[in-house]
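Student: what's the 3D shape of this:
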Amino acid sequence: MKTTSAPSTRKRVLCAALILVAASLSACGDKAKEKKPGQALASVNGEEVTVLQLNEELQRAGVTAAQQETASKQLLQVLIDRQLLQEAAAKENLDRDPKVMQAIDRAKSLIIAQAYLQKRVGNTNKPTAKEVEDYFNAHPEFFSNRKQFSMNEIVIAANDLTPEVRAAADGAKSLEEVAVWMDAHKIKYGRTQITRSTADVPPQLSSKLLGMPKGQLFVVKEGQRAMFISVTEVKDAPVTLAVAGPQIEQFLVNKKNKELANAELQRLRADAKIEYINKSMMPDPKSAPTLPAGAAPTSAVAGAEAAPVADQNGGAPGAATPAGAGATPAPGAEANTDKAALDRGVAGLK
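Tutor: Predicted coordinates for the structure are as follows:
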């Protein structure tokens, strides 16, 4: 009969104990992974959907108190669907796809950067009533002296804007004559009406539009389209301080936030050691880095370039852009308005 030595027995017992401890720790880890903070509202294949998750969705959706009960039920279904899709994607290893991982890293970076800037510049004091009034008085073209343009346009494919078409438009006295010529030459086109104000377009273009005789044609080419446009009416559309005040206040807050954010970025850059491995990507030393429009990592500083203006019907203010920047149409503008074409300037202005 073969006997077992004491050291060998102790070794096996120790190994068995270590395996049990490892299994116990693994089970605890799995439970910790499954457990989410907040009271559970539902379970999807063992994965909890919690009150904290739902509250986050409600906040992001801007749900009012009156809509809370209905919206909560709907958003809970959205969270359940999202969990199901996430699990299905994980089974196909999509969570390990390089593009997905890169997008997750980018989103994480933006969220953290946004949180930092929000903490640093998110509590800007509101402008005083005098500051709001001073801005209003300094920009009569946006408010007290605001003009509104009503325009008709014919839209064609950019490839159809040949020298012959331009020559026909140059000789036409109205958009109707242009349309007749295009019908005769079987050129497809569409017709729309647009409304813009002196607050919606760059000042240089506003000056040209104000100096045009009624019905005069001009041509705008933008991307895959070309537009023949004529001004049919110019009328006064003033905006009062009472109407524009709230939007001016928000504009000034955004502007201050952007200035603070740019100052903080300048400070961080000054304290950092930034080395360009690819020397061709180095910025122009004469240009100071700033937050480009639409690229600011926080909503607190985004849109600070937009100057305030009330809509064309005198309702709640919208946003337009001051000199030198692209314009944003005021609320209430026609859905078919070709705003981008005017922003990029007039080509072939007669």
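Student: Can you identify the element that follows the host helix or strand of residue 103 toward the C-terminus?
Tutor: Assessed by DSSP states H and E, residue 103 sits inside helix 98-121. Remark: after helix 98-121, the chain's next helix or strand is helix 129-138, criterion DSSP H and E.
Student: Which elements pack onto that next one?
Tutor: helix 241-271 (3 or more C-beta pairs under 8 Å, 6 or more residues apart in numbering; DSSP states H and E). Heads up, the C-betas are built off the backbone N, CA and C, glycines and all.
Student: Please spell out which residues along the helix it packs on are buried.
Tutor: Buried residues in helix 241-271, defined by neighbour count with 16 or more other C-beta atoms under 10 Å: 243-245, 247-262, 265.
Student: so for it, what's the average pLDDT?
Tutor: Helix 241-271 carries an average pLDDT of 93.
Student: start at 869 instead
Tutor: Okay, using 869 as the starting number, the last item reads as helix 1109-1139.
Student: and the angle from it to helix 997-1006?
Tutor: Interaxial angle, helix 1109-1139 versus helix 997-1006 (axes from the mean of the first three to the mean of the last three C-alpha atoms, to 10 degrees): 100 degrees.
Student: what angle separates helix 1109-1139 from helix 966-989?
Tutor: 110 degrees.
Student: Show me what helix 1109-1139 is packed against.
Tutor: Where contact means 3+ C-beta pairs under 8 Å, 6+ apart, helix 1109-1139 is packed against helix 966-989, helix 997-1006, strand 1175-1178, strand 1185-1188.
Student: What's the first helix or strand after the second one?
Tutor: Later in the chain than helix 997-1006, the nearest helix or strand by DSSP H and E is strand 1015-1025.
Student: Give the buried residues for that following strand.
Tutor: In strand 1015-1025, counting by 16+ other C-beta under 10 Å, buried: 1015-1017, 1019-1024.
Student: how about JSON lines for these, with pLDDT added?
Tutor: Formatted as JSON lines, these follow (pLDDT from 0 to 100):
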{"residue": "1015", "pLDDT": "93"}
{"residue": "1016", "pLDDT": "93"}
{"residue": "1017", "pLDDT": "92"}
{"residue": "1019", "pLDDT": "93"}
{"residue": "1020", "pLDDT": "94"}
{"residue": "1021", "pLDDT": "94"}
{"residue": "1022", "pLDDT": "95"}
{"residue": "1023", "pLDDT": "95"}
{"residue": "1024", "pLDDT": "96"}
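Student: tell me the most buried of the helices and strands packed on helix 1109-1139?
Tutor: For the helices and strands packed on helix 1109-1139, average neighbour numbers computed from mean count of other C-beta atoms under 10 Å are highest in strand 1175-1178, which has a mean of 28.
Student: CA atoms only for the helix holding residue 971, dumped as CSV, please.
Tutor: Once non-C-alpha atoms are left out, helix 966-989 reads as follows in CSV (Å, rounded to 0.1, in the frame of the first residue of the first chain):
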residue,chain,number,x,y,z
PRO,A,966,-11.5,49.0,-33.8
LYS,A,967,-13.9,51.7,-35.2
VAL,A,968,-16.3,51.2,-32.3
MET,A,969,-13.6,51.3,-29.7
GLN,A,970,-12.2,54.5,-31.3
ALA,A,971,-15.7,56.1,-31.2
ILE,A,972,-16.0,55.1,-27.5
ASP,A,973,-12.6,56.6,-26.7
ARG,A,974,-13.6,59.8,-28.6
ALA,A,975,-16.9,60.1,-26.8
LYS,A,976,-15.2,59.5,-23.4
SER,A,977,-12.6,62.2,-24.1
LEU,A,978,-15.3,64.7,-25.2
ILE,A,979,-17.4,64.1,-22.1
ILE,A,980,-14.5,64.5,-19.7
ALA,A,981,-13.3,67.7,-21.5
GLN,A,982,-16.9,69.0,-21.4
ALA,A,983,-17.2,68.3,-17.7
TYR,A,984,-13.9,70.2,-17.0
LEU,A,985,-14.8,73.3,-19.0
GLN,A,986,-18.3,73.3,-17.6
LYS,A,987,-16.8,73.3,-14.1
ARG,A,988,-14.4,76.1,-15.0
VAL,A,989,-16.7,78.4,-17.1
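Student: How far off centre is that helix?
Tutor: Taking C-alpha atoms, centre = their mean, to the nearest Å, one finds helix 966-989 lying 16 Å from the centre of the chain it belongs to.
Student: Tell me which other helices or strands it touches.
Tutor: Using 3+ C-beta pairs under 8 Å, 6+ apart: helix 966-989 touches helix 1109-1139.
Student: Of all the helices and strands packed on helix 1109-1139, which one comes closest to residue 1031?
Tutor: strand 1185-1188 (35.3 Å; C-beta to C-beta).
Student: What mean pLDDT does the closest one get?
Tutor: Throughout strand 1185-1188, pLDDT has a mean value of 36.
Student: got it, and stretch 1000-1008?
Tutor: 95.
Student: list the buried ones in the helix or strand hosting residue 1078?
Tutor: Secondary structure from DSSP H and E places residue 1078 in helix 1071-1079. Residues of helix 1071-1079 classed as buried by neighbour count (16+ other C-beta under 10 Å): 1073-1074, 1076-1077.
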